[in-house]
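Trainee: Provide a 3D model corresponding to the input given below.
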Amino acid sequence: MGSPDLESHAPLVREAALESRPPRRNLGLLLLGPLVASLLALVYFLGDKPGSSQGLGSSSGSDEDEFPWTDRMLKWHHTAFHFQPPRNFMSDPSGPIYYRGWYHFFYQHNTNAAYWGHIAWGHAATPDLLNWVHLPVAVYPDHWYDIEGDWTGSVAALPDGRVVMLFTGGVGAVGNELAQVVNVAWAADPDDPLLTRWVKQEGNPVLVSPPGIGLKDFRDPNPAWYDSSSSTWYVLVGSKNDSLSHTGIALVYTTTDFLSYTLLPGILHSVDIVGMWECTDLYPVSVSGPSTHLGLENSVPPGENVKHVLKAGLNDEWHDYYAIGTYDREGNKWTPDDESLDVGIGLRYDWGKFYASRTFYDPVKRRRVLWGYVGETDTRSVDVQKGWASVEGLPRTVLFDVKTGSNLLTWPAEEVESLRSSSKNFSNIAIAAGSTVHLDVEDANQLDIEAEFVIKKEELELAIQADVNYNCSTSDGASQRGLLGPFGLLVLANQDLSEQTATYFYVGRGTDGSLQTHLCQDELRSSKANQITKRVVGHTVPVLDDETLTLRILVDHSIVESYAQGGRASTTSRVYPTQAIYEDAKVFLFNNATGATVIAKSVKIWQMSPTSNRSHGYPGSQAL
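Mentor: This is a model prediction of the structure:
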């Protein structure tokens with residue numbers, strides 16, 4: 001099949017009106033009809049549109065109800081070792097790539113304000129995944145084919161030395177419709193290791209939605225596979241069908257020059273009910289060898305010891321789901337190993353605030369690196385007051401979990417450990433049921449914590465109570481008491497514990513006698529401020545026989561990232577304490593179980609140094 005009917009679409013997208021600018025994340029809602037579209041427009045023009053820097057489910061009440069934030073509090077919210085631009089709004093990571101000694105990172109960026117709007121591609125580079133040079137904005141929305149915004153996409157270094165950028169362009173409105181197209185830009189000087197200048201292709205757009213796909217349901221191109229034998233790139237595009245089944249789908253195009261494309265017959269994969277797929281990703285993982293095995297380069301074919309991960313962001317719920325399966329390139333099919341764990345209904349990289357992730361292969365350390373953005377859960381007015389919104393999660397490595405054989409491990413990249421400075425070690429602390437233990441840690445605002453917990457074997461054996469219905473998100477969090485949990489750590493806590501963020505395990509015994517362990521993070525008492533989304537997030541985590549329960553928690557002011565069992569499960573929270581800040585931030589162990597004494601076998605706590613962020617000084621860099 002040849003390229004889609006670009007000529008028949010082109011008149012529509014060229015006639016697009018420029019007045020209506022709903023955010024990309026909510027385009028699918030327009031399918032619900034004119035009434036919903038009108039309501040969305042009203043919300044948008046009132047200045048509090050969904051999809052802004054507030055994040056999913058955040059409050060938006062009137063200014064007079066706003067918590068009286070002080071400059072001292074808001075200054076504390078700024079992170080010290082997580083990536084964020086110098087000012088204003090950021091969101092989806094785009095085009096991560098290693099190029100001539102630099103790791104490059106692009107991202108959706110409003111250069112003018114601390115909320116969604118007029119999205120361009122911000123650009124930064126780092127030699128070590130930690131310390132950043134902020135570079136000129138790569139592309140701005142300045143043509144008819146991207147006037148509504150330059151949205152998520154990818155970057156690839158080609159064998160002939162050129163560097164290509166594929167990005168989603170927002171075209172504008174045709175009635176109540178918006179069109180999304182795929183555009184191309186090229187690095188103006190491939191010999192520049194910082195790739196500071198980009199030139200858009202004259203023939204843009206290079207792709208529009210094919211027949212049967214809505215004009216607005218076509219985005220986030222990703223050249224996920226390269227076949228050197230035919231010099232062919234395979235490009236994923238996320239979409240959904242127009243039927244009542246609300247099916248998320250991934251389309252695949254082939255190209256040899258990034259100017260002309262062939263849509264492969266059929267679809268790569270689809271899942272009913274889950275809704276629009278965006279920010280799709282496809283990459284290989286090795287399923288053999290020790291847990292320290294290396295990542296695989298994108299174009300490794302399936303084989304006896306290789307599986308392929310398919311990932312999609314679900315914009316109906318703003319979560320990233322992945323599944324492990326087999327990729328048939330010739331048949332253009334990806335098949336999950338376990339249909340009950342298919343994309344959108346099974347596993348997630350992170351069970352908290354984490355979205356629009358992208359991976360790339362690092363040829364230097366032969367690993368796969370994962371980036372995901374972490375939005376705000378406060379209000380737009382607070383973001384405007386502090387002058388910025390959203391951060392990037394720490395870079396993570398991705399490996400197949402050879403011990404369970406059913407999930408991935410995501411873990412902070414090894415470079416993060418280089419930020420550790422002074423440390424304190426605690427060991428064999430017995431935490432009685434219903435008690436807390438203060439850990440003497442100075443300056444508890446930037447921490448890396450590793451902890452191991454055990455429950456006495458005899459107490460486990462006595463726990464015969466069935467607790468099969470426990471769920472982190474529907475529970476009362478750390479205050480809900482069960483026989484074998486919750487227990488863990490309280491971070492960003494004040495002395496009287498009226499503010500705290502709890503990261504904990506909750507262990508239940510099923511009716512079949514088996515134990516089931518949950519990793520949860522309780523934000524309900526993370527701040528005394530109102531108009532903040534506060535939830536309990538988390539999920540079950542596999543724990544094998546004779547394994548201790550392990551936690552790693554990274555605290556960086558307004559973000560808490562937690563990992564259990566070496567990265568089998570993780571959860572990320574944005575939190576905004578009003579009192580547990582600066583010298584008043586403290587760390588506690590706690591055990592709210594009713595029937596078990598928990599032993600903190602080992603707790604190691606490191607202070608974390610800040611990373612450096614500087615402007616390169618190129619013309620235009622101050623626009624960041």
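
Trainee: S422 and E452, how far apart?
Mentor: Counting by CB to CB, to the nearest Å, the gap between S422 and E452 amounts to 21 Å. In short, each C-beta sits where N, CA and C put it, glycine included.

Trainee: out of the two, which sits in the busier spot?
Mentor: For S422 and E452, the more surrounded residue by other CB atoms under 10 Å is E452, and the numbers stand at 16 against 11.

Trainee: And the more buried one, how far from L408?
Mentor: Here the distance between E452 and L408 works out to 22 Å (CB to CB).

Trainee: Which parts of the stretch 401-550 of the chain are helices?
Mentor: 457-462 (DSSP state H, counting those that start in this stretch).

Trainee: quick one, strands of it?
Mentor: Listed from the start of the chain, the stretch 401-550 of the chain has strands (DSSP state E, counting those that start in this stretch) covering 408-412, 420-431, 435-439, 446-455, 484-493, 501-509, 515-522, 536-540, 549-556.

Trainee: Mind listing what's buried along the second one?
Mentor: In this case it means strand 420-431. 426, 431 (16 or more other CB atoms under 10 Å).

Trainee: what's the answer for the fifth one, then?
Mentor: Within strand 484-493, the residues that qualify as buried are 484-493, counting by 16+ other CB under 10 Å.

Trainee: Check the third one too.
Mentor: Taking 16+ other CB under 10 Å as the basis for neighbour counts, the residues of strand 435-439 that come out buried are 437, 439.

Trainee: Likewise for the fourth one?
Mentor: Going by neighbour count (16+ other CB under 10 Å), the buried part of strand 446-455 is 446-453, 455.

Trainee: same check, this time on the last one
Mentor: Neighbour-count burial for strand 549-556, with 16+ other CB under 10 Å as criterion, is recorded at 549-556.

Trainee: Let me know the angle separating the following helix or strand past that strand from strand 501-509.
Mentor: Helices and strands here follow DSSP states H and E; after strand 549-556, the next one along the chain is strand 559-564. Relative orientation of strand 559-564 and strand 501-509, computed by axes from the mean of the first three to the mean of the last three CA atoms, to 10 degrees: 20 degrees.

Trainee: residues in contact with F89?
Mentor: The contact partners of F89, taken as CB atoms under 8 Å, 6 or more residues apart in numbering, are 53, 109-110, 113-117, 383, 388-390.

Trainee: That one belongs to a helix, doesn't it?
Mentor: No. The assignment for F89 by DSSP: H, G, I helix; E, B strand; the rest coil gives strand, which leaves it out of any helix.

Trainee: Identify, from the buried residues of strand 549-556, the entry nearest to G567.
Mentor: Ranked by distance to G567 (CB to CB), the buried residues of strand 549-556 are led by R552 at 8.3 Å.

Trainee: Quickly list what that closest one is bridged to.
Mentor: Taking DSSP bridges as the rule, R552 bridges to E450, Y563.

Trainee: cool, K307 as well?
Mentor: Applying DSSP bridges, one finds that K307 bridges with V285.

Trainee: quick one on the thing from earlier: can you list the buried residues of strand 549-556 in TSV and add distance to D128 and pLDDT?
Mentor: Converted to TSV, these look like this (distance: CB to CB, whole Å; pLDDT from 0 to 100):
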residue	distance to D128	pLDDT
L549	32	98
T550	26	98
L551	26	98
R552	20	98
I553	23	99
L554	17	98
V555	21	98
D556	17	98
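
Trainee: Which helix or which strand is home to I267?
Mentor: For I267, there is no host helix or strand (DSSP H and E).

Trainee: Name the next helix or strand downstream of the least confident helix or strand in the chain by mean pLDDT, please.
Mentor: The helix or strand of the chain with the poorest confidence is helix 34-45; it has a mean of 33 (mean pLDDT, DSSP states H and E). Following the chain from helix 34-45 toward its C-terminal end, the next helix or strand by DSSP H and E is helix 71-77.
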